[in-house]
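>>> with the input below, show me the fold.
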Amino acid sequence: MKVLAIDTSNHPMSVALVEDEQLLATTTLNMVRNHSIYLMPTIDNLFKLVQWTPADLDRVVVAQGPGSYTGIRIAATTAKTLADTLKVALVGVSSLEVVARNVLPTSDQVIVPFFDARRGNVFAGAYQWQDSRLVNLIEDQHLAMTTLLDQLGRVDRPVILLGHLTKRIQDQFDDLPANVSLAPRAYGIPSTYQLALAGEDRPAVQAIDPFVPHYLRITEAEANWQKLHPGENRQNYVREV
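Residues are numbered from 1 along each chain as shown. A predicted model of the protein is given here:
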């Protein structure tokens, strides 16, 4: 199976080409935010390097969020367009799960990947390897970093945090709970090779058009609109926009 994996959920942009679980080529850029400019040229360049044509592709696997609003939309839109145009399978995988897979399956720790969601909040989920399978123990969510650490401090097992502990997050608390450790920053960089492996055996989406990113929170514009329109639903917002 020939797989194209795409992740632009956050600051890093990563693309990989994988065939039958073998990594053929990958590119990760972690110094630009213009993912919309670099994504398609990167995909095209990797196809040329491995001498694939678009017709060779069997599956597109995309990091579905949470993360940056714009970043998730870029990856999801690109993946949907390619899958629909080429008539290949489309699979979405949690962006947090992709990061959690950086920890080896031999670990018995609770793995908690997180992304900075601004204002002292994070996107986070809890995962653990069980019988060589990565199991989601706590669903991905949007919450305050202090709330997350309070919850993790009550876990009766070792917990490892994966992510970039930015200053604005670290300013929200003094110390990590005794059972919680922070992995080196490299563990927070998503691997699209792991993304491809995660998506190889999963069922493809039944319909491409309804496939949407997992934002886990509304935009600031939506929040402001709801304050001015109490009791009205998001469909009203979309209609007015």
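>>> give me the distance between Thr70 and Ala126.
27 Å (CB to CB, to the nearest Å). All C-beta spots, glycine's among them, are computed from the backbone N, C-alpha and C.
>>> pick out whichever of these two has more residues nearby.
Taking neighbours as other CB atoms under 10 Å, Thr70 and Ala126 compare with Ala126 leading, 22 against 12.
>>> buried residues, whichever strand or helix holds the more buried one. List them.
Using DSSP states H and E, Ala126 maps to strand 121-130. Using 16 or more other CB atoms under 10 Å as the test for burial, strand 121-130 gives 121-129.
>>> repeat for stretch 153-173
Applying 16+ other CB under 10 Å to stretch 153-173 flags 155, 159-163, 165, 169, 172 as buried.
>>> identify, from the residues you listed, the entry nearest to Gln194.
Closest approach to Gln194 among the buried residues of stretch 153-173 (CB to CB): Leu162, at 12.2 Å.
>>> chain center to the lengthiest helix in the chain, what's the gap?
Longest helix of the chain, by residue count under DSSP state H: helix 69-86. Relative to the chain's own centre, helix 69-86 is displaced by 14 Å; criterion: CA atoms, centre = their mean, to the nearest Å.
>>> now swap in stretch 113-124 and tell me
For stretch 113-124, the distance to the chain centre is 12 Å (CA atoms, centre = their mean).
>>> touching, Gly199 and Glu97? I think so.
No - using CB atoms under 8 Å as the test, Gly199 is too far from Glu97 to be in contact (10.2 Å).
>>> who's more crowded, these two?
Under the criterion of other CB under 10 Å, the comparison of Gly199 against Glu97 puts Gly199 first, with 24 against 21.
>>> give me the three-state assignment for that one.
Under DSSP: H, G, I helix; E, B strand; the rest coil, the three-state class of Gly199 is helix.
>>> what residues are up against the residue minimising distance to the centre of the chain?
The chain has Ser95 as the residue nearest its centroid, 1.4 Å off, counting by CA atoms, centre = their mean. Going by CB atoms under 8 Å, 6 or more residues apart in numbering, Ser95 touches 7, 9-10, 63-67, 72, 115, 190, 214.
>>> widest-spaced pair of the residues you listed?
Comparing all pairs in the contacts of Ser95 by CB to CB, the longest separation belongs to Pro190 and His214, at 14.8 Å.
>>> quick one, which of these two is more surrounded?
More crowded of Pro190 and His214, by other CB under 10 Å: Pro190, with 26 against 18.
>>> what helix or strand does that one sit in?
With DSSP H and E as criterion, Pro190 is part of no helix or strand.
>>> all helices for the protein, in order.
Using DSSP H, helices in the chain cover 35-50, 69-86, 95-100, 145-153, 167-170, 192-200, 220-228, 234-240.
>>> so how far is the lengthiest strand in the chain from its chain's centroid?
For the chain, the strand with the greatest residue count under DSSP state E is strand 133-144. Its chain's C-alpha centre and that of strand 133-144 lie 12 Å apart, by CA atoms, centre = their mean.
>>> which outside residues touch it?
By CB under 8 Å, 6+ apart, strand 133-144 touches 66, 94, 96-97, 100-101, 105, 110-111, 117, 120-129, 172, 198, 214, 216-217.
>>> then stretch 193-208?
So stretch 193-208 is contacted by 1, 3-7, 14, 16, 18, 21, 23, 26, 59, 61-63, 80, 83-84, 89-93, 97-98, 101-102, 134, 211 (CB under 8 Å, 6+ apart).
>>> now, those that are in strands?
3-7, 14, 16, 18, 23, 26, 59, 61-63, 89-93, 134.
>>> quick one: Ile6 and Gln64 touch, right?
No - taking contacts as CB under 8 Å, Ile6 lies outside contact range of Gln64: 10.3 Å.
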